[in-house]
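Enquirer: Need the 3D shape of this:
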Amino acid sequence: MPAPGSAVLERSAIADLSQPVSAELPDDLVAVLRELLTNVGKHAEAETVEVAIAIADDHVDLTVEDDGIGTKDPARRSGLANLAERAVLRGGGCEVMMRPGGGTRVHWSASTDHMGG
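Expert: Next comes the predicted model:
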């Protein structure tokens, strides 16, 4: 069991990441992942976190799931507004969902070739 305030990051299968992407997309992916993992550490009281990144066709998907206490109101996105804005600027979206049985799932997506706006 992890110490209070920490979680175990489980390695997930990662798809072929050799496909070309816009120059800014890797920086956005790192920033989004950092923010999501920070949120888990600060708020979720999770024991495990799962991260999945996949590139298919013309988009990239990043999913972060935890087994924590969940969010009180998944529709309230004030803390995730920057992530959603990044996704929209990249031709994608950001969705926050409660997991059955507890925890939170965040799915962030973006176009691999969208230049932002």
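
Enquirer: low-confidence ranges in the protein?
Expert: Using pLDDT under 70 as the threshold, the predicted model of the chain has low-confidence ranges 1-20, 73-79, 114-117.

Enquirer: what's the single longest helix in it?
Expert: helix 25-39 (DSSP state H).

Enquirer: So Ile69 is in contact with Glu47, correct?
Expert: No: the criterion here is C-beta atoms under 8 Å, and Ile69 misses it with Glu47 at 10.9 Å. C-beta: built from backbone N, CA, C; applies to glycine.

Enquirer: what packs against whichever helix or strand comes after the longest helix of the chain?
Expert: Per DSSP states H and E, the first helix or strand lying C-terminal to helix 25-39 is strand 48-56. With contacts defined as 3 or more C-beta pairs under 8 Å, 6 or more residues apart in numbering; DSSP states H and E, the secondary structure elements packing on strand 48-56 are strand 8-10, helix 25-39, strand 59-66.

Enquirer: From Gly101, how far out is the closest residue to Asp28 other than its chain neighbours?
Expert: Counting by C-beta to C-beta, 6 or more residues apart in numbering, the nearest residue to Asp28 once its immediate chain neighbours are dropped is Arg86, at 5.4 Å. Look at Arg86 and Gly101: by C-beta to C-beta, to the nearest Å, they are 29 Å apart.

Enquirer: which one of the two has more residues nearby?
Expert: For Arg86 against Gly101, the residue with the higher neighbour count under other C-beta atoms under 10 Å is Arg86, and the figures read 21 against 7.

Enquirer: which residues does the more buried one contact?
Expert: Remark: with contacts taken as C-beta atoms under 8 Å, 6 or more residues apart in numbering, Arg86 is in contact with Asp28, Ala31, Val32, Cys94, Trp108, Ala110.

Enquirer: how many other residues sit next to the fifth one?
Expert: This means Trp108. Based on other C-beta under 10 Å, the number of other residues close to Trp108 is 27.
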